[in-house]
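**Student:** Using only what follows, build the 3D model:
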Amino acid sequence: MYLCRRPLSRYIFGTEIQRLPPKCKEIFILGKQEGLTYTEIAEYLNVSFRTVENQMSKAFSIIRTKVSYKINTLLFLLFSIKKEVV
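**Tutor:** Residues are numbered from 1 along each chain as shown. Purely as a prediction, here's the structure:
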């Protein structure tokens with residue numbers, strides 16, 4: 001399963017996924033890339049369902065914050081470039 005289909009989006013999201021804390025990253029990858037349910041992840045890792053929920057929430061929060069910052073910076077750079085009138 002692909003989280004994003006466009007190369008730039010895949011790069012940005014992939015980079016941020018790799019930077020997640022280890023347990024958070026493992027749970028996120030199992031759920032979103034491997035397609036396991038929260039229950040399956042909990043059983044596979046021998047953790048509680050609630051732990052999986054908390055780690056997924058943490059992962060989404062981290063990714064949302066980091067990606068939002070990158071997108072805002074990119075938009076600022078794109079729209080702050082003045083076009084030269086010839």
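
**Student:** Skipping adjacent residues, who's closest to the residue nearest the centre of the chain in space?
**Tutor:** Geometric centre of the chain, nearest residue: residue 63, 4.1 Å, by CA atoms, centre = their mean. Among residues not flanking residue 63 along the chain, residue 16 sits closest, at 4.9 Å (CB to CB, 6 or more residues apart in numbering). Every residue, glycine included, has its C-beta placed from N, CA and C.

**Student:** Go ahead and confirm residue 26 touches residue 45.
**Tutor:** Yes: using CB atoms under 8 Å, residue 26 is in contact with residue 45, at 7.3 Å.

**Student:** Where is the longest helix in this structure?
**Tutor:** Looking across the chain with DSSP state H, the single longest helix is helix 49-80.

**Student:** Give me the buried positions along stretch 11-22.
**Tutor:** Across stretch 11-22, burial judged by 16 or more other CB atoms under 10 Å covers 12, 13, 16, 17, 20.

**Student:** Out of these, show me where the pLDDT dips lowest.
**Tutor:** Within the set of these, pLDDT is lowest for residue 12 (72).

**Student:** can you tell me the helix or strand for the residue nearest to residue 63?
**Tutor:** For residue 16, the host element (DSSP states H and E) is helix 7-18.
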